[in-house]
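K.L.:
Structure for this input, please:
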Amino acid sequence: MRKSFLSLRRGGRAATRPHAIAVATLFMAGLTALSACSVADTLRPDVDVGVRTAAVPSRGLQALVPSNPFMSGYPRLNAPLPSETAMPAEEVQCRRQLKRLGVSYRDIAPIRDSASCGIDWPVEVTGFSGNVNMKPAATLTCDMALAFGQWTKDELAPAARRRYLSGVKTIHQGSSYSCRQIAGSRTISEHAKGNALDVMRIELKNGKDIDVRKPGWFAFRERSLLNTVRSDACGYFSTVLGPGYDAAHKDHFHFDIKERRNGYKACR
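P.N.:
Numbering: from 1, shown residues only. Sure thing, here's the model as predicted:
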């Protein structure tokens, strides 16, 4: 009887062992899937200054992107590209103005990375009037693209021609849409709404490369151009911040179209 009972127990263990192995395999697969799905998978900063890429300079920009676990994005479904029939009238009109201005752009799918981050009707801008390139392509609201395109045509390009007898070849930007906060603050950045753009350097058609960082004492033409960039831009944007304002802006110009009470502008 005892031998029969032991045989039955061994038989039971043998019978249940394949089932236990299958359960353990499924459990380990679940853990692997969870570990592979991180916060980084749900965020969409195509050009985020906190991420080092070949296109984005790394010098000093990480300080602009304070990490915040509460700003983790929601995974975005494959949204359809917008069409003019579905767009609000003001978005349609804005795109017509972009075309008249000579801005090279394409409509991209709506962005919604979190409750605070996203663009309902984004455009991806690659160039401006006068064969001026934007590298890398900038993801913006249409209004921001329009303001930047108008400023490039009316102010930046003429200023470069006056001082260097050359047109602008490429504007190198460091951050357009990016789901983040203002450095040292809990306030959502205008980058998170697609209303801001950071310019790192300006490349001219004659080969001159103008770094936005504060120029040396004897760089008279470069200093004059950058001073013009800062002062004239205030007529097109509500915020213009650059080298000399604070450590976070020591190597780039920040432009945005944030709406403030009484039309207040911050140009520093």
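
K.L.:
Next, the buried residues of stretch 111-118.
P.N.:
111, 112, 113, 114, 117, 118 (16 or more other C-beta atoms under 10 Å). (Glycine included, C-beta is placed from N, CA and C.)

K.L.:
where's the dip in pLDDT among those residues?
P.N.:
pLDDT across those is at its lowest for residue 114, which sits at 90.

K.L.:
Give the helix, strand or coil label for it.
P.N.:
Recorded secondary structure, residue 114: coil (DSSP: H, G, I helix; E, B strand; the rest coil).

K.L.:
From residue 193, how far off is it?
P.N.:
Here the criterion is C-beta to C-beta, to the nearest Å. By it, residue 114 lies 12 Å from residue 193.

K.L.:
picking that back up, most widely separated two among the buried residues of stretch 111-118?
P.N.:
111 and 114 (10.3 Å; C-beta to C-beta).

K.L.:
Can you give me the distance of the spatially closest residue to residue 191 that is not a sequence neighbour to residue 194?
P.N.:
Sequence neighbours aside, residue 178 is the residue nearest to residue 191 in space, at 4.3 Å (criterion: C-beta to C-beta, 6 or more residues apart in numbering). Look at residue 178 and residue 194: by C-beta to C-beta, they are 9 Å apart.

K.L.:
Low-confidence bits of the stretch 101-250 of the chain, can you list those?
P.N.:
Applying pLDDT under 70 to the stretch 101-250 of the chain picks out residues 214-219, 246.

K.L.:
and if we set it to 80?
P.N.:
Counting by pLDDT under 80, the stretch 101-250 of the chain contains low-confidence ranges at 183-185, 213-224, 244-250.

K.L.:
So which residues of it form strands?
P.N.:
Along the stretch 101-250 of the chain, counting by DSSP state E, counting those that start in this stretch, strands occupy 104-107, 111-112, 118-119, 123-128, 132-140, 168-175, 196-204, 209-211, 239-241.

K.L.:
In contact with residue 242, which residues?
P.N.:
Taking C-beta atoms under 8 Å, 6 or more residues apart in numbering as the criterion, residue 242 is in contact with 212, 226, 229, 230, 249, 252, 253, 254, 268.

K.L.:
Rebuild the residues you listed as TSV, extending it with distance to residue 154 and neighbour count.
P.N.:
Output for these, formatted as TSV (distance: C-beta to C-beta, whole Å; neighbours: other C-beta atoms under 10 Å):
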residue	distance to residue 154	neighbour count
212	19	23
226	17	23
229	12	22
230	15	19
249	24	19
252	21	28
253	17	24
254	20	23
268	22	13
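
K.L.:
Which of those fall in helices?
P.N.:
Judged by DSSP state H, the subset of the contacts of residue 242 located in helices is 226, 229, 230.

K.L.:
okay, now the domains of the chain?
P.N.:
Domains of the chain are assigned by automatic domain parsing as 2-37, 41-267.

K.L.:
Kindly check the end-to-end length of stretch 177-191 for me.
P.N.:
Terminal residues of stretch 177-191 lie 5 Å apart, using C-alpha to C-alpha, to the nearest Å.

K.L.:
With stretch 137-148 instead?
P.N.:
So stretch 137-148: terminal residues 13 Å apart, C-alpha to C-alpha.

K.L.:
Then stretch 137-147?
P.N.:
So stretch 137-147: terminal residues 16 Å apart, C-alpha to C-alpha.

K.L.:
What lies in contact with it?
P.N.:
46-47, 91, 94-95, 97-98, 101, 103, 105, 108, 111, 119, 121-126, 148, 173, 176-177, 193-197, 236-237, 255-257.

K.L.:
Show the buried residues in those residues.
P.N.:
Among the contacts of stretch 137-147, those classed as buried by 16+ other C-beta under 10 Å are 46-47, 91, 94-95, 98, 101, 103, 105, 108, 111, 119, 121-125, 148, 173, 176-177, 193-197, 236-237, 255-257.

K.L.:
Among the strands of the stretch 101-250 of the chain, single out whichever gets nearest to residue 184.
P.N.:
For the strands of the stretch 101-250 of the chain, the distance to residue 184 is smallest for strand 239-241, at 13.6 Å, taking C-beta to C-beta.
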